[in-house]
Structures are given as structure tokens and as C-alpha cells.
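Enquirer: Give me a 3D structure for the following:
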Amino acid sequence: MSRTRGNAKIEILQFREGATVTCSRCGRTGVLKVDSFKARGREYKYWVVRHGEKRCIIKRYVELKPTLSPQKVPTSFKPPLEEEKVKEEEAQVQVKAEAYPREFQRRAWYAVKIGSSVGALKENPTKENFEKLKATAAQVEERLGVAVGELLKAAEDFLAAKTDTAKMRLNEALTLVIIRIFSSLLIEREKVKGGEAAISALTPLTAALSSLEEKVSALTEKVSAFTSIATTVQSLEQRVNTLAEKLDALSTLPAAVKTLEGKVAALEEKLSPPVKGKQERVRGLKRAILEVLSDGKERLSADIAKEVFERFSIEASYSSVRGRLVELAKLGLVTKEKRGEDWYWRLSSPPPRS
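Expert: Below you'll find the model as predicted:
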């Protein structure tokens, strides 16, 4: 019995469990077995060729009845459990078998597939494209035994940040995965025409890929160091900006003091004409009130009268103090605010800086 696939014709000696045969799917030598599969509550049996822990499904297993001849055993099938895998791998771009082994073509196809998934995520960083990348990465890890954890972490960071640095790390992780896809390729010497020549051609490529992986790892370390420096520079820049803001705030103080001095000078000019008797006492009381309020704090009228007496020995009644405060308010020198039943007085604020 024989089966033709691609440009290479692979012979299967006989369908006898335990026989050593050449696999009609991958071309490698393996042991012929009958494995059972369960799908949708039913059990199916298939002829498979075991390659260590992996296997290739050959065709549906049929228990022959005495009246049937071996020639009537079905030769075509569609395994229910691995139908998706078979469809994907049969859709690969076929390359001449005499130039490249089947397994090398298979891994190249998966490298293109995961590269396309990463490209779609970079072009349109959405959660949906990230989930598609996860599914492709899971196939690479399960079917080729290649670690993809670093790639998924870099993709997740890029989806969250969407920065050039995150994209650069995603490219590095993808490069490492592709290198691992080919560097982990197990080359078996097949006793077919051109096999030895193909192995000799791949040996330098494997060595070159290993060297490239080491160089990429070294570049990754250097980029990480530069990233740390960039973070430090950004932190220093933020601190400098904060100091600049504080200095700007302090720069407004001279203007505020100058404005306050101008108001005091204007007040002195208004109160400077010589007066006698009651007008002179009023002017002295006003000056004392302004001096008490010059610290910027607000006070009740009674508290102002008490402090005027304690600091300037000017004895004035509550009503006199209140009257002077009203006059100063009309001049725009003091302001008042009512809280409950009490009025609080304070010196007017200087005009804002233009």
C-alpha cells in the first residue's frame, strides 16, 4: 500500500500494529499503532504513526470482517479531533520537497503565522487581535514545543501602553520565538534521495540561528539599560518642572508687596492732611485699624477694638471702630464677610498679577 503527498512518495509497508514504517505525512520513521479518540460521546479508532510523544494520524481504523478483503479498507478520512490542525497544515505554501524537508516547511509556516498575528496587533492594538495572537501562540507552543510566554507578556504590555518602547520589546520577543522555532528543529536523517544533502545545508543555518539568538539577547539587555536611563531622565525632568512652578509662584511676591505698599502710601496720603480734634482721632483710629489688619487675618469688630487699645493705646468704642471700618470699606481698603450673626473684617487682597 502506498500514499503520495507533495513531491515525495512515502511507502507504508503494511497496516500491522507495532510495525516500523515510514510516515506518509511527515516522512519520518515511526511505529504503527491504533489509537482511540472520543468526540461527542462516540469513540473513534485511527491508524497512527508514533514518533516518540508525538503522532501522525494516517487513516480510519476499521475492524475487518471475515467476508471482507484487505483491499476494501477505506483509505480516506477526516479525524474529528484534529480536523482543524490538518486543515491548517494542508493550507501551507508548498515548497519543493527535494530542497527543504517537510518539517522545515511546517515550522516556517508557523513562523509566518505568528508573525502575521503580531503584525495585526501592532497595526490595530485591540483586545480581539490580542486574543487571536494568544490562540496562534498556543498552537506554536503545543505543536512545536516552543516557549511563547515572553511574547504574550510583551504583547500585553504593548496593548496597555501603545508606546514605541513597548513595540520594540514586542518585536524582540517575536524574533526570539521565531529563532526558537527553527533552532529547536530536530533534524532526522532520512534514507531518501537528497536527505543527506538537505541535512548538511541546514546545519550551518541552525548554528547561525543560535548565534543570532545570543546577539538578540545581548541587545535586549542593552535596550533595558537605556530604558532605565530614560526613566531616570523623565523623573528628573518632572522634578525640574515642579521647581520651576514653585519659582514662578515665588516671583509673584514682589509684585504683591509693591501693590500693598502702594495702597499703604495712598492711604497715608489720604490721612496725611493736618486735622484737629475729632478728625485727628478718626485718622489715628483708621491707621491703627489698618495696622491691626495688615497681617491678613480676619477679625470681629470687638477684637479689632481690643487690639487697637492694646497696641496703640487708643481707646475707642465698638460703634466707633465699626464706623471706621465702614469708611475704610467704602475706600476699598477692607472687606467684610458675614458668618451667622457676626461680621468678620480683613484687609483687601492685592489685585492679581497681570
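Enquirer: Following element in sequence after the helix or strand of the chain with the lowest mean pLDDT, please.
Expert: Lowest by mean pLDDT, DSSP states H and E among the helices and strands of the chain is strand 8-11, with a mean of 38. For strand 8-11, the succeeding helix or strand toward the C-terminus, using DSSP states H and E, is strand 20-22.
Enquirer: Going by neighbour count, which residues of that following strand are buried?
Expert: Residues 21, 22 are the ones in strand 20-22 that count as buried (16 or more other C-beta atoms under 10 Å). Using the backbone N, CA and C atoms, a C-beta is placed for each residue, glycine as well.
Enquirer: I'd like the next helix or strand past it.
Expert: Next in sequence after strand 20-22, counting helices and strands by DSSP H and E, comes strand 29-39.
Enquirer: tell me how far the longest helix seen in the chain is from the chain's mean position?
Expert: If you go by DSSP state H, the chain has its longest helix at helix 195-271. Distance, stretch centre to chain centre, for helix 195-271: 18 Å (C-alpha atoms, centre = their mean, to the nearest Å).
Enquirer: what do you get for stretch 48-59?
Expert: With C-alpha atoms, centre = their mean, you get 41 Å for stretch 48-59.
Enquirer: Same check on stretch 117-133?
Expert: On C-alpha atoms, centre = their mean, the centre of stretch 117-133 falls 13 Å from that of its chain.
Enquirer: and that stretch, average pLDDT?
Expert: For stretch 117-133, the mean per-residue pLDDT is 94.
Enquirer: try stretch 223-240
Expert: Mean per-residue pLDDT for stretch 223-240: 78.
Enquirer: Please point out which parts of it sit buried.
Expert: Using 16+ other C-beta under 10 Å as the burial criterion, none of the residues of stretch 223-240 qualify.
Enquirer: Just the CA trace of that stretch, in PDB.
Expert: Output in PDB follows, covering the C-alpha atoms of stretch 223-240 (Å, rounded to 0.1, in the frame of the first residue of the first chain):
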ATOM      1  CA  VAL A 223      18.000  48.200  25.500                       C
ATOM      2  CA  SER A 224      16.800  47.500  29.000                       C
ATOM      3  CA  ALA A 225      19.800  49.600  30.400                       C
ATOM      4  CA  PHE A 226      18.900  52.500  28.000                       C
ATOM      5  CA  THR A 227      15.300  52.300  29.100                       C
ATOM      6  CA  SER A 228      16.300  52.600  32.800                       C
ATOM      7  CA  ILE A 229      18.300  55.800  31.900                       C
ATOM      8  CA  ALA A 230      15.300  57.200  30.000                       C
ATOM      9  CA  THR A 231      13.100  56.600  33.100                       C
ATOM     10  CA  THR A 232      15.600  58.400  35.300                       C
ATOM     11  CA  VAL A 233      15.800  61.400  32.900                       C
ATOM     12  CA  GLN A 234      12.000  61.600  32.900                       C
ATOM     13  CA  SER A 235      11.900  61.600  36.700                       C
ATOM     14  CA  LEU A 236      14.500  64.400  36.800                       C
ATOM     15  CA  GLU A 237      12.500  66.400  34.200                       C
ATOM     16  CA  GLN A 238       9.400  66.200  36.300                       C
ATOM     17  CA  ARG A 239      11.200  67.400  39.400                       C
ATOM     18  CA  VAL A 240      12.700  70.300  37.500                       C
END
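Enquirer: And the contacts of that stretch?
Expert: Applying C-beta atoms under 8 Å, 6 or more residues apart in numbering, the external contacts of stretch 223-240 come out as 165, 168, 169, 172.
Enquirer: ok, the third one to residue 241 distance?
Expert: Meaning residue 169. Remark: distance between residue 169 and residue 241 (C-beta to C-beta, to the nearest Å) = 28 Å.
Enquirer: And the second one, by the same measure?
Expert: In this structure, residue 168 and residue 241 are 27 Å apart, going by C-beta to C-beta.
Enquirer: the more surrounded of those two?
Expert: Taking other C-beta atoms under 10 Å, residue 168 and residue 241 do not tie; residue 168 has more neighbours (15 against 10).
Enquirer: Excluding covalently adjacent residues, which one is nearest to that one?
Expert: Leaving aside its sequence neighbours, residue 168 sits nearest to residue 223 (C-beta to C-beta, 6 or more residues apart in numbering; 6.9 Å).
Enquirer: what do you get for residue 217?
Expert: residue 176 (7.7 Å).
Enquirer: now that neighbour, what's its secondary structure?
Expert: Of the three states, residue 176 takes helix under DSSP: H, G, I helix; E, B strand; the rest coil.
Enquirer: what's the burial count for it?
Expert: 22.
Enquirer: Over to the one 3 residues further on?
Expert: Neighbour count for residue 179, taken as other C-beta under 10 Å: 21.
Enquirer: Pull up the gap between it and residue 253, please.
Expert: Residue 179 sits at a distance of 63 Å from residue 253 (criterion: C-beta to C-beta).
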